[in-house]
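S.K.: next input, structure requested:
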Amino acid sequence: MTTPATRSGTGQPAELFFEDLVPGLTVDLGVVTVDGDEMVAFARRFDPQWYHVDTDLAGESRHGGLIASGFYTVSLFMRAYVDHLLSRAAADASPGLEELRWLAPVRAGDRLAVRVDVMGARPSTARSGLGTVSLTGTMLRLGPDDRPEQEVLRTRFRGWFAARPTEAEPAGPAEPAGPAEPAGPAEPAEPAGPADPPEADLSEADRPDHGPTGADQPASDPAESDPAESDPAETRPAETSPDRPEQPEGGPAKAEPHD
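M.R.: Residues are numbered from 1 along each chain as shown. Modelled structure (predicted):
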């Protein structure tokens, strides 16, 4: 039986687990291009400071034009992180971040290369079955030749990732039972033989212990019969003596009195 599939950060079956995110690993999260309209719309909704939303004021300032909200930039990082890593990894929640720095202004049209580096990994002490992975994320502006020009964002954070499920050990071939212990000579089974004939056809020795059956059954209760009659092996002819007349033929022999 296999363990049910662990879900990735986007709900699909995961293919990367805690054990795969080893220190020293670098994951390329692709290149994102900053959309000017989206950048301003985000600032108007969440961070409406003048250098993010007012074209004229921003143009007259030391910024020389509109610059992206830092939270918009980190949102671009997060989307790349989800698309290129969490969508494949058995990701759980994050316990938080340690650093978030905006190192240079981001403008409309910038092309930003995104990556994460695994800095450390250890089993989680807070969540059983998860590992805590320490990551550093960076975004670098690319020049016209696609070479990095400047780092614009750096963040250090931690993520929880599920350990790889273990499959149940397959049931291997059964252990040979080995030679059976000799059970000794078996008791010979009594042959079934032909079905027992009706009692009327049995010889006297084969009759049931209750004695004659049918018309030969004495009127008295068999339990009151003399034991000598109920056991053919014990039956013997009645003794005669000159002092005692013979019992009439067919009559039961009278038991001798005893102490």
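
S.K.: low-scoring pLDDT stretches of the stretch 101-250 of the chain, where are they?
M.R.: 167-250 (pLDDT under 70).

S.K.: is it true that residue 99 touches residue 138?
M.R.: No - the criterion here is CB atoms under 8 Å, and residue 99 misses it with residue 138 at 11.3 Å. C-beta: built from backbone N, CA, C; applies to glycine.

S.K.: give me the common contacts of those two.
M.R.: Common contacts of residue 99 and residue 138 (CB atoms under 8 Å, 6 or more residues apart in numbering): 154, 155.

S.K.: neighbour count winner among these two?
M.R.: residue 138 (20 against 10; other CB atoms under 10 Å).

S.K.: which SS state does the more buried one fall under?
M.R.: Put simply, residue 138 is strand when judged by DSSP: H, G, I helix; E, B strand; the rest coil.

S.K.: which residues pair with it across the strands?
M.R.: For residue 138, the beta-bridge partners are residue 115, residue 154 (DSSP bridges).

S.K.: which residues does it contact?
M.R.: So residue 138 contacts 114, 115, 116, 117, 151, 153, 154, 155 (CB under 8 Å, 6+ apart).

S.K.: gap between it and residue 77?
M.R.: From residue 138 across to residue 77, the span is 9 Å (CB to CB, to the nearest Å).

S.K.: shared neighbours, the two?
M.R.: In contact with both residue 138 and residue 77: 114, 153, 155, using CB under 8 Å, 6+ apart.

S.K.: show me where the stretch 1-150 of the chain has its helices.
M.R.: 36-46, 50-53, 55-60, 70-81 (DSSP state H, counting those that start in this stretch).

S.K.: who are the packing partners of the second one?
M.R.: Using 3 or more CB pairs under 8 Å, 6 or more residues apart in numbering; DSSP states H and E as the contact criterion, the secondary-structure elements in contact with helix 50-53 are helix 36-46, helix 55-60.

S.K.: ok, now the last one?
M.R.: In this structure, helix 70-81 makes packing contacts with strand 26-33, helix 36-46, strand 96-102, strand 111-123, strand 130-142, strand 148-162, judged by 3+ CB pairs under 8 Å, 6+ apart.

S.K.: return the set of buried residues in the last one.
M.R.: Taking 16 or more other CB atoms under 10 Å as the basis for neighbour counts, the residues of strand 148-162 that come out buried are 152, 153, 154, 155, 157, 158, 159, 160, 161, 162.

S.K.: got those as CSV, with distance to residue 30 columns?
M.R.: Converted to CSV, the buried residues of strand 148-162 look like this (distance: CB to CB, whole Å):
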residue, distance to residue 30
152, 15
153, 15
154, 18
155, 17
157, 19
158, 22
159, 18
160, 23
161, 20
162, 24
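
S.K.: of those, closest to residue 134?
M.R.: residue 158 (5.4 Å; CB to CB).

S.K.: nearest residue to residue 59 other than its sequence neighbours?
M.R.: residue 65 (5.4 Å; CB to CB, 6 or more residues apart in numbering).

S.K.: list the residues that contact the one you found.
M.R.: 55, 58, 59, 107.

S.K.: redo those residues as a markdown table? Include distance to residue 85 and neighbour count.
M.R.: As requested, those are exported to a markdown table (distance: CB to CB, whole Å; neighbours: other CB atoms under 10 Å):
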| residue | distance to residue 85 | neighbour count |
| --- | --- | --- |
| 55 | 35 | 11 |
| 58 | 34 | 18 |
| 59 | 38 | 12 |
| 107 | 26 | 17 |
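
S.K.: save those residues as JSON lines, and put in distance to residue 84 too.
M.R.: Output for the contacts of residue 65, formatted as JSON lines (distance: CB to CB, whole Å):
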{"residue": "55", "distance to residue 84": "33"}
{"residue": "58", "distance to residue 84": "32"}
{"residue": "59", "distance to residue 84": "35"}
{"residue": "107", "distance to residue 84": "23"}
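
S.K.: with respect to residue 22, which of those is nearest?
M.R.: residue 107 (36.2 Å).

S.K.: which residues touch that closest one?
M.R.: 34, 65, 66, 67, 68.

S.K.: make it 10 Å
M.R.: Counting by CB atoms under 10 Å, 6 or more residues apart in numbering, residue 107 touches 34, 36, 39, 63, 64, 65, 66, 67, 68, 141, 152.
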